[in-house]
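Colleague: Turn this into a structure:
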Amino acid sequence: MADQIPLHPVPRSTQRRAAYYTNASAAQRHSRYQVEDESSHLDEMPLMMSEEGFENDESDYHTLPRARIFQRKRGLEWFVCGGWKFLCTSCCDWLINICRRKKELKARTVWLGCPEKCEEKYPRNAIKNQKYNIFTFIPGVLYEQFKFFLNLYFLVVSCSQFVPALKIGYLYTYWAPLGFVLAVTVLREAVDEFRRYQRDKEMNSQLYSKLTIRGKVQVKSSDIQVGDLIIVEKNQRIPSDMVFLRTSEKTGSCFIRTDQLDGETDWKLKVAVSCTQRLPALGDLFSINAYVYAQKPQMDIHSFEGTFTREDSDPTVHESLSIENTLWASTVVASGTVIGVVIYTGKETRSVMNTSNPKNKVGLLDLELNQLTKALFLALVALSIVMVTLQGFVGPWYRNLFRFLLLFSYIIPISLRVNLDMGKAAYGWMIMKDDNIPGTVVRTSTIPEELGRLVYLLTDKTGTLTQNEMIFKRLHLGTVSYGTDTMDEIQNHIINSYSQVHSQASGNGTSSTPSRKMQSSAPKVRKTVSSRIHEAVKAIALCHNVTPVYESRAGVTGETEYAEVDQDFSDENRTYQASSPDEVALVQWTESVGLTLVSRDLTSMQLKTPSGQILTYYILQIFPFTSESKRMGIIVRDESTGEITFYMKGADVAMSSIVQYNDWLEEECGNMAREGLRTLVVAKKSLTEEQYQDFENRYNQAKLSIHDRTLKVAAVVESLEREMELLCLTGVEDQLQADVRPTLEMLRNAGIKIWMLTGDKLETATCIAKSSHLVSRAQDIHIFRPVTSRGEAHLELNAFRRKHDCALVISGDSLEVCLKYYEHEFVELACQCPAVVCCRCSPTQKAHIVKLLQHHTGKRTCAIGDGGNDVNMIQAADCGIGIEGKVYLLQSLLNVYFIMCWNPLVKIVNTFGICISYS
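Modeller: Here you go, the predicted structure:
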């Protein structure tokens with residue numbers, strides 16, 4: 001027991017106490033009320049409770065003050081050490097909150113083309129990225145400068161010259177240098193503010209076509225109101241949040257690019273409201289009496305609940321609205337022309353609500369300079385006191401004391417801050433102009449010295465360590481597995497299967513699937529494998545949200561159009577668009593083995609067999625992938641046979657409880673994950689007409705619900721997800737970025753500890769950590785056992801403490817439990833590891849981990865990522881680095897370095913960083 005540690009629950013922010021477990025009596029407990037000494041170490045803490053006692057009585061604990069972690073500073077010491085700044089900041093925040101009283105957000109009813117019918121006044125649709133206005137510019141800039149002690153010191157010294165008794169020289173000798181420094185700062189801020197103003201003005205002045213009862217009129221983006229009908233052309237930015245009413249595309253849908261909203265470069269498919277899409281002419285939108293009921297504005301860009309109602313029809317038309325019927329602001333129309341009704345404007349749009357003001361990062365060198373200035377000031381005070389003492393305190397000695405302070409004030413040079421800023425700017429320019437690291441962009445000139453003081457590097461996996469370009473590698477059917485070297489066998493099975501079906505169909509004109517008679521004529525083993533391969537490939541080719549797009553043959557306008565059945569489906573001009581690169585990889589693989597997706601619209605999709613036959617499947621329902629469900633599904637009807645089939649694919653953790661009993665899925669998922677493959681489980685379920693009609697009625701009723709629609713819809717879908725037939729397991733490889741291995745090795749040799757934070761599964765994250773040399777081959781890996789309670793976390797942390805010099809792999813759920821009860825102890829143990837891998841980690845958890853390292857260790861952190869899910873982590877770190885990848889949102893961030901690949905990172909950190917830090 002002596003080698004265990006007392007794992008004290010970390011106090012919440014509202015309490016300054018911590019829980020300690022013990023089985024002692026009340027008298028014994030009283031004797032344990034001891035304050036821990038600053039020099040105490042984790043290894044020296046006595047065990048407060050045995051493992052057996054913890055399991056028997058988890059509720060037996062008491063609380064005591066924890067002075068080592070939380071120590072209040074009172075009186076003059078607290079005020080001098082920063083209390084004055086805390087008081088000023090609190091007062092400013094209070095005044096700002098009083099001036100900016102937030103209006104309560106409510107759901108709204110929006111009538112088509114009638115802004116005057118709005119129930120209340122909504123914010124202007126103006127983009128404002130300016131930090132100041134004409135009244136707050138000068139006070140704001142001066143506050144940012146004088147909150148540092150160095151600048152405040154020179155201000156007080158200069159102001160003292162207005163007092164005749166303290167005047168020791170000409171005013172300009174004090175105010176000229178200070179005025180020059182302030183003028184340079186104000187001018188720099190004014191230029192930046194003017195550039196922001198110009199960008200805002202350019203965005204707000206963009207013209208859009210507004211549909212009115214008299215026809216089309218041109219309006220500025222800032223003049224758009226809730227209820228307006230706005231026409232957005234191809235490649236034009238959507239100015240506000242809208243509900244998609246009509247499109248010029250025959251399919252009733254369009255594609256939009258959302259890279260400036262969520263960081264994903266893959267196009268998103270949006271669907272127009274069917275009631276308005278069916279109207280004969282555009283002007284008919286004013287001839288109907290219809291409105292949209294929209295939920296209150298919120299930050300979630302991946303969900304929306306609303307209804308579309310047309311009152312002048314008999315009966316009244318009610319149509320549910322979801323995320324696929326919305327067009328969010330700051331996205332771009334990629335195909336066709338769209339018409340939408342505005343529901344949110346200005347600061348109530350999703351893009352503005354998800355925009356957080358990044359913190360103003362201050363380098364450690366600036367903080368050290370500020371502390372050095374304070375020390376020099378104390379030395380000035382001491383020196384002045386010595387001089388007054390030598391005079392014998394005769395006459396007005398306090399006046400002489402202040403005069404000595406002014407005479408010695410030149411010990412702190414006012415040019416120090418200016419020279420430092422100029423040096424930082426020069427180093428930033430040198431980094432961008434270095435020929436050995438082309439493409440590097442520096443978006444900050446205030447923190448280059450942080451690159452040479454990094455201790456922790458936190459990196460994303462997908463798109464950062466890996467290329468986010470998926471390649472299909474493995475298909476497992478339970479009894480047989482196919483790799484890249486045996487894909488030709490699958491192709492032969494598909495060719496033979498569909499050639500026999502085609503020949504039989506041409507003979508009797510009825511069947512399009514292998515008949516029982518045909519299958520019985522083949523050998524038993526061959527028949528079983530062929531049929532299973534056929535079903536698996538067909539399921540992969542149908543269960544997705546991929547749309548084939550064909551480039552126009554004219555080649556002049558660059559227009560794209562959807563494939564129609566009577567078109568010549570040419571492989572040369574076909575590309576696939578989807579929101580997930582995994583789905584594109586799967587559809588491309590089915591094309592390589594002979595089953596090609598050639599066309600898709602809202603109601604059907606067409607597959608082309610190796611013999612050239614076109615198979616049509618009607619899309620009855622589709623259930624998109626969500627991070628909560630971790631799966632997607634689709635219900636299709638075969639045109640030739642009328643059979644209804646429900647296909648589903650998803651992560652193994654979500655599908656294992658849905659498919660029928662099997663004894664191989666879990667083991668094979670682990671095997672593929674250890675090879676670094678991303679796995680998906682594919683299953684199906686045949687439905688009768690009665691089963692589907694019953695499901696459709698319940699599903700449509702749930703979709704019309706206003707309250708708790710998501711939960712009701714999920715409950716109806718889950719009723720269908722039972723006892724599904726397991727078809728196959730797929731493995732897709734995400735290849736590593738170039739130069740990842742040598743870069744990580746050199747950074748690790750430089751003493752930088754590297755943490756990988758990813759949302760992928762544990763096995764895949766562990767395999768990528770090994771293959772990228774984040775964890776060396778000789779190092780042991782401790783996989784943190786899943787924990788759900790305080791007692792389990794206590795025992796697992798004790799077990800982890802006994803390991804030495806090993807990497808840690810922990811899931812997001814277990815991390816949440818450990819941080820809830822044992823934050824300080826967990827961080828202290830994790831920081832001793834050479835590498836840490838956090839899997840199943842959310843973007844919020846990534847930023848929280850960065851802040852924990854900063855708070856508990858005081859060391860400098862660097863975060864590197866490539867997409868929207870890394871923004872919070874990069875903004876929270878002391879130094880942020882964006883790397884170009886498949887998903888790329890970070891160009892809009894400030895205080896970030898941008899690199900094209902991993903190779904420049906070594907020179908930026910080991911050469912420029914160290915040179916700047918010690919120069």
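
Colleague: domain assignment for the chain?
Modeller: 72-101, 126-207, 224-353, 439-465+737-779+834-918, 470-733 (automatic domain parsing).

Colleague: Show me the strands in the stretch 51-200 of the chain, by range?
Modeller: For the stretch 51-200 of the chain, the strands defined by DSSP state E, counting those that start in this stretch occupy 61-65, 108-111.

Colleague: buried sites along whichever helix in the chain runs longest?
Modeller: When the chain is scanned for its longest helix (criterion: DSSP state H), the result is helix 172-204. By neighbour count with 16 or more other C-beta atoms under 10 Å, helix 172-204 contains the buried residues 174-175, 177-178, 181-182, 185-186, 189, 193, 200, 203-204. Every residue, glycine included, has its C-beta placed from N, CA and C.

Colleague: I'd say residue 625 and residue 544 touch.
Modeller: No. Residue 625 is not in contact with residue 544 according to C-beta atoms under 8 Å; the separation is 9.7 Å.

Colleague: which one of those two has more residues nearby?
Modeller: Neighbours per residue (other C-beta atoms under 10 Å) separate residue 625 from residue 544, with residue 544 holding more: 26 against 19.

Colleague: Same question for the more buried one, what's its three-state structure.
Modeller: Remark: residue 544 carries the secondary structure label coil [criterion: DSSP: H, G, I helix; E, B strand; the rest coil].

Colleague: pLDDT value on it, please?
Modeller: On pLDDT, residue 544 comes in at 91.

Colleague: how much space between it and residue 478?
Modeller: 22 Å (C-beta to C-beta, to the nearest Å).

Colleague: so who does residue 325 touch?
Modeller: Contacts for residue 325 (C-beta atoms under 8 Å, 6 or more residues apart in numbering) come out as 243, 244, 270, 271, 272, 273, 304, 306.

Colleague: Next one: it from residue 341, what distance?
Modeller: Distance of residue 325 to residue 341, given as C-beta to C-beta: 11 Å.

Colleague: Please apply the same query to residue 298.
Modeller: 19 Å.

Colleague: Mind checking which of the two has more residues around it?
Modeller: Taking other C-beta under 10 Å, residue 298 and residue 341 do not tie; residue 341 has more neighbours (28 against 15).

Colleague: Surely the more buried one and residue 242 touch.
Modeller: Yes. Proximity of residue 341 to residue 242 meets the contact threshold set by C-beta under 8 Å, at 6.1 Å.

Colleague: Next SSE downstream of the one helix or strand residue 826 maps to?
Modeller: Taking DSSP states H and E as the definition, one finds residue 826 inside helix 823-830. Next helix or strand after helix 823-830 toward the C-terminus (DSSP H and E): strand 835-839.

Colleague: pLDDT on that next one, on average?
Modeller: pLDDT averaged over strand 835-839 gives 91.

Colleague: Against which helices or strands is that strand packed?
Modeller: Contact analysis of strand 835-839 by 3 or more C-beta pairs under 8 Å, 6 or more residues apart in numbering; DSSP states H and E lists strand 753-757, helix 762-771, strand 806-811, helix 812-821, helix 843-857 as its packing neighbours.

Colleague: export those to JSON lines and tack on distance to residue 428 and mean neighbour count?
Modeller: What follows is the helices and strands packed on strand 835-839, written out as JSON lines (distance: least, C-beta to C-beta, whole Å; neighbours: other C-beta atoms under 10 Å):
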{"stretch": "strand 753-757", "distance to residue 428": "25", "mean neighbour count": "25"}
{"stretch": "helix 762-771", "distance to residue 428": "32", "mean neighbour count": "22"}
{"stretch": "strand 806-811", "distance to residue 428": "35", "mean neighbour count": "22"}
{"stretch": "helix 812-821", "distance to residue 428": "36", "mean neighbour count": "19"}
{"stretch": "helix 843-857", "distance to residue 428": "23", "mean neighbour count": "18"}
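
Colleague: Just send these back as TSV, with distance to residue 290 and mean pLDDT too.
Modeller: Formatted as TSV, the helices and strands packed on strand 835-839 follow (distance: least, C-beta to C-beta, whole Å; pLDDT from 0 to 100):
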stretch	distance to residue 290	mean pLDDT
strand 753-757	47	91
helix 762-771	48	80
strand 806-811	48	90
helix 812-821	44	89
helix 843-857	38	87
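
Colleague: between the ones you listed, which one is nearest to residue 108?
Modeller: helix 843-857 (28.6 Å; C-beta to C-beta).

Colleague: can you give me how far that closest one is from the chain middle?
Modeller: With C-alpha atoms, centre = their mean, to the nearest Å as the basis, helix 843-857 stands 15 Å off its chain's centre.

Colleague: do the same with stretch 824-832
Modeller: When distances are taken as C-alpha atoms, centre = their mean, stretch 824-832 is centred 25 Å away from the chain's centroid.

Colleague: same question for it, mean pLDDT?
Modeller: Averaging pLDDT along stretch 824-832 yields 91.

Colleague: what does stretch 368-386 give?
Modeller: The average pLDDT within stretch 368-386 is 89.

Colleague: circling back to that earlier point, figure out which of the helices and strands packed on strand 835-839 is closest to residue 249.
Modeller: helix 843-857 (33.6 Å).

Colleague: tell me which residues in the next helix or strand after the longest helix of the chain are buried?
Modeller: Once the chain leaves helix 172-204, the next helix or strand it forms, by DSSP H and E, is strand 207-212. Neighbour-count burial for strand 207-212, counted by 16+ other C-beta under 10 Å, picks out 208, 209, 210, 211.

Colleague: any chance of these in CSV, with pLDDT and distance to residue 310 too?
Modeller: Conversion of those to CSV gives the following (pLDDT from 0 to 100; distance: C-beta to C-beta, whole Å):
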residue, pLDDT, distance to residue 310
208, 94, 25
209, 93, 24
210, 93, 22
211, 92, 17
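
Colleague: ok, those vs residue 459, which is closest?
Modeller: Closest approach to residue 459 among these (C-beta to C-beta): residue 208, at 40.9 Å.

Colleague: Can you tell me how far the closest one is from residue 241?
Modeller: Taking C-beta to C-beta, one finds residue 208 at 14 Å from residue 241.

Colleague: again, but for residue 365
Modeller: 43 Å.

Colleague: re the thing from before, and the helix holding residue 826, how far from the chain's centre?
Modeller: Distance, centroid of helix 823-830 to centroid of chain: 25 Å (C-alpha atoms, centre = their mean).

Colleague: Let's see it as PDB, backbone CA atoms only.
Modeller: In PDB, the C-alpha atoms belonging to helix 823-830 read as follows (Å, rounded to 0.1, in the frame of the first residue of the first chain):
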ATOM      1  CA  GLU A 823      -7.600  16.800 -12.000                       C
ATOM      2  CA  HIS A 824      -4.400  17.800 -10.200                       C
ATOM      3  CA  GLU A 825      -3.200  14.200  -9.700                       C
ATOM      4  CA  PHE A 826      -3.900  13.200 -13.300                       C
ATOM      5  CA  VAL A 827      -2.200  16.100 -14.900                       C
ATOM      6  CA  GLU A 828       0.900  15.600 -12.600                       C
ATOM      7  CA  LEU A 829       1.100  11.900 -13.600                       C
ATOM      8  CA  ALA A 830       0.500  12.600 -17.300                       C
END
